[in-house]
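Participant: Output the structure for:
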Amino acid sequence: MEVNAKVLNHEGNELTMEVTAAAADLEQAIAVTLRKAAKEVKIPGFRPGKVPAKLLEGYIGEHALLQEALDEMLQPLYVEAVSQTEIFPVDRPHVEVVQLKRGDEVKVNIKVTVKPEVELGQYKGIEVTKEVYVPTEEDIDQEIKHMQERIAHIIDLPEGTALENGDTAIIDFEGFVDDVPFEGGKAEKYSLTLGSNTFIPGFEDQLVGVKTGEAADVNVTFPEDYHSEDLKGKQALFKVFVHEARRRDLPPVDDDFVKDMREDCDTVAELREKLREELNEKAEQLAVQNAQNKALEQVVANASMDIPAIMIDDRLDQMLQEFEGQLQYQGLTLERFFQLTNSTRAEWRAAQKDRAEEAVKQDLVLEAIVKAEDIQADEADIDKQMQEIADSYGKPLAEIKATFANNDRLKFFEYNVKMLKAIELINTSAVIS
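Facilitator: Next up is the predicted model:
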């Protein structure tokens with residue numbers, strides 16, 4: 001298709017291009033339109049597909065024929081125009097027909113929303129402070145407890161046993177605000193592990209000490225950022241009944257336990273020292289990672305841009321889709337989640353909007369750094385990323401490369417490599433103290 005495109009106007013994130021196509025391309029689109037119509041239109045005396053073109057043209061009408069032919073042309077015409085003008089649309093185009101007549105070139109104006117221009121601030125040599133957490137004896141105790149829990153036996157608690165943190169209780173509960181039960185605040189035979197922090201703050205703490213076979217009143221206040229607008233900041237009373245509970249029977253921590261759990265330690269003292277070293281190493285790695293995250297956040301904050309609302313909406317769509325996948329993995333549907341949390345899609349999107357906007361900003365800033373630094377992704381870089389996928393699935397690299405041989409998929413890997421290199425540039429140049 002012989003296409004010529006030029007930018008007529010570019011204000012903010014709105015851009016209009018004038019796009020023309022040759023008269024011959026219009027005739028070719030008309031021919032395609034007529035062939036399709038011949039298979040569908042039924043005219044007495046003619047078999048399907050055998051209606052003469054001239055008769056079909058009269059049957060369809062010139063105006064409708066030209067419009068359908070233009071529809072046939074628009075997708076390849078638009079793709080070529082985007083390529084020629086090197087723009088990055090983020091929304092559906094709006095097409096205005098300027099000239100559409102047989103024998104003349106086709107001329108349309110296409111208005112699109114494009115990615116915003118990013119004005120980078122400082123992105124090299126960002127100064128950040130590394131905050132290293134020093135593990136305590138309590139942290140070491142917690143690590144040892146996790147080891148105990150891995151080989152612990154689960155026992156049923158006799159009726160009348162007081163609940164402790166870590167116990168899993170089977171409870172009925174019903175919540176009330178101003179003595180009125182609220183939607184989503186009632187359940188029967190619900191399994192709750194105390195200390196898991198899965199319920200409203202304060203709920204699990206107040207069940208510690210309650211005995212199996214007994215009822216209890218639990219008073220809580222819903223957080224101000226609670227997902228349900230009707231319950232934010234409200235005081236609530238939960239009527240709870242504890243049916244039964246289970247507890248992990250932890251093995252004693254002695255030298256025999258240590259030898260069973262670790263090959264590099266023989267005594268409890270050796271175990272504690274080894275865990276201290278490991279926790280210190282993890283703390284250092286986490287501190288560096290957090291400092292690098294702060295550097296990236298500062299780079300994004302240093303940049304200026306005007307983000308189109310559609311980009312944030314699209315990112316929210318993507319985030320919701322990912323969240324739905326996570327729920328399905330847990331055996332839940334999105335609809336069921338909203339029922340259980342007494343919330344809606346609109347409330348979820350509103351709560352996640354700031355996070356979506358930050359994610360879009362970060363991508364745009366990293367893309368701008370890739371462009372400013374002329375960061376490239378060569379075949380070795382792409383193979384390395386594909387190798388990680390191959391390793392995760394236990395398959396040879398050649399098989400993964402064949403799976404992603406499509407050019408568009410390769411561009412996805414190329415994009416990811418460039419973005420990671422931009423992050424690496426920020427990290428390696430950052431001044432971490």
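Participant: so residue 33 sits in a strand?
Facilitator: No: under DSSP: H, G, I helix; E, B strand; the rest coil, residue 33 falls outside any strand and is assigned helix.
Participant: Now for it: which residues touch it?
Facilitator: Applying CB atoms under 8 Å, 6 or more residues apart in numbering, we find residue 33 in contact with 65, 68-69, 72. All C-beta atoms are positioned from the backbone trio N, CA, C, and that covers glycine.
Participant: got a winner among those for most neighbours?
Facilitator: For those, neighbours were counted by other CB atoms under 10 Å; the highest total belongs to residue 69, with 23 neighbours.
Participant: and it, that one's in a helix?
Facilitator: Yes: following the definition three-state DSSP, residue 69 is counted among the residues of a helix.
Participant: give the contact list for the closest residue to it other than its chain neighbours.
Facilitator: For residue 69, ignoring the flanking residues on the chain, the nearest one in space by CB to CB, 6 or more residues apart in numbering is residue 29 at 4.0 Å. With contact set as CB under 8 Å, 6+ apart, residue 29 has these partners: 69-70, 72-73.
Participant: buried residues in the strand or helix carrying residue 29?
Facilitator: Counting by DSSP states H and E, the element that carries residue 29 is helix 23-40. Counting neighbours by 16 or more other CB atoms under 10 Å, one finds that the buried residues in helix 23-40 are 25-26, 28-30, 33-34, 37-38.
Participant: what's the distance between that helix and the middle of its chain?
Facilitator: On the basis of CA atoms, centre = their mean, to the nearest Å, helix 23-40 is displaced by 43 Å from the centre of the chain it belongs to.
Participant: So for it, mean pLDDT?
Facilitator: Throughout helix 23-40, pLDDT has a mean value of 88.
Participant: what about residue 244, which SS state?
Facilitator: strand.
Participant: now do residue 111
Facilitator: In three-state terms, and counting by three-state DSSP, residue 111 is strand.
Participant: pLDDT weak spots in this protein?
Facilitator: In the predicted model of the chain, residues 41, 44-51 satisfy pLDDT under 70.
Participant: how is it carved up into domains?
Facilitator: For the chain, the domain assignment from automatic domain parsing gives the residue ranges 3-113, 153-249, 268-432.
Participant: between these, which gets nearest to residue 134?
Facilitator: Among the domains of the chain, domain 268-432 comes nearest to residue 134, with 7.1 Å by CB to CB.
Participant: now the end-to-end length of stretch 102-109.
Facilitator: The stretch stretch 102-109 measures 18 Å between its terminal residues, going by CA to CA, to the nearest Å.
Participant: starting at the chain centroid, how far to that stretch?
Facilitator: Relative to its parent chain, stretch 102-109 has a centroid offset of 43 Å by CA atoms, centre = their mean.
Participant: quick one: contacts for the residue found closest to residue 301 once you drop the neighbours it is linked to in the chain?
Facilitator: Closest residue in space to residue 301, ignoring its immediate chain neighbours: residue 121 at 8.0 Å, by CB to CB, 6+ apart. If you count contacts by CB under 8 Å, 6+ apart, residue 121 has them with 299, 301-304.
Participant: Quick check: residue 165 touching residue 195?
Facilitator: Yes: if you go by CB atoms under 8 Å, residue 165 and residue 195 touch, sitting 4.1 Å apart.
Participant: can you list residues touching both of these two?
Facilitator: When contacts are counted by CB under 8 Å, 6+ apart, residue 165 and residue 195 are jointly contacted by residue 204.
Participant: any chance you could map the helices in the stretch 101-250 of the chain?
Facilitator: Across the stretch 101-250 of the chain, reading from the start of the chain, the helices by DSSP state H, counting those that start in this stretch fall at 137-150.
Participant: Make a markdown table from the domains of the chain and add distance to residue 125 to it.
Facilitator: Supplementary listing: the domains of the chain in a markdown table, determined by distance: least, CB to CB, whole Å:
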| stretch | distance to residue 125 |
| --- | --- |
| domain 3-113 | 29 |
| domain 153-249 | 36 |
| domain 268-432 | 5 |
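Participant: nearest to residue 138, of the ones you listed?
Facilitator: Closest of the domains of the chain to residue 138 is domain 268-432, at 11.1 Å (criterion: CB to CB).
Participant: What is the end-to-end distance of that closest one?
Facilitator: From start residue to end residue, domain 268-432 stretches across 36 Å - CA to CA.
Participant: quick revisit: next SSE after the helix holding residue 29?
Facilitator: The C-terminal neighbour of helix 23-40 among helices and strands, as given by DSSP H and E, is helix 53-60.
Participant: Show me what that following helix is packed against.
Facilitator: Counting by 3 or more CB pairs under 8 Å, 6 or more residues apart in numbering; DSSP states H and E, the packing neighbours recorded for helix 53-60 are helix 23-40.
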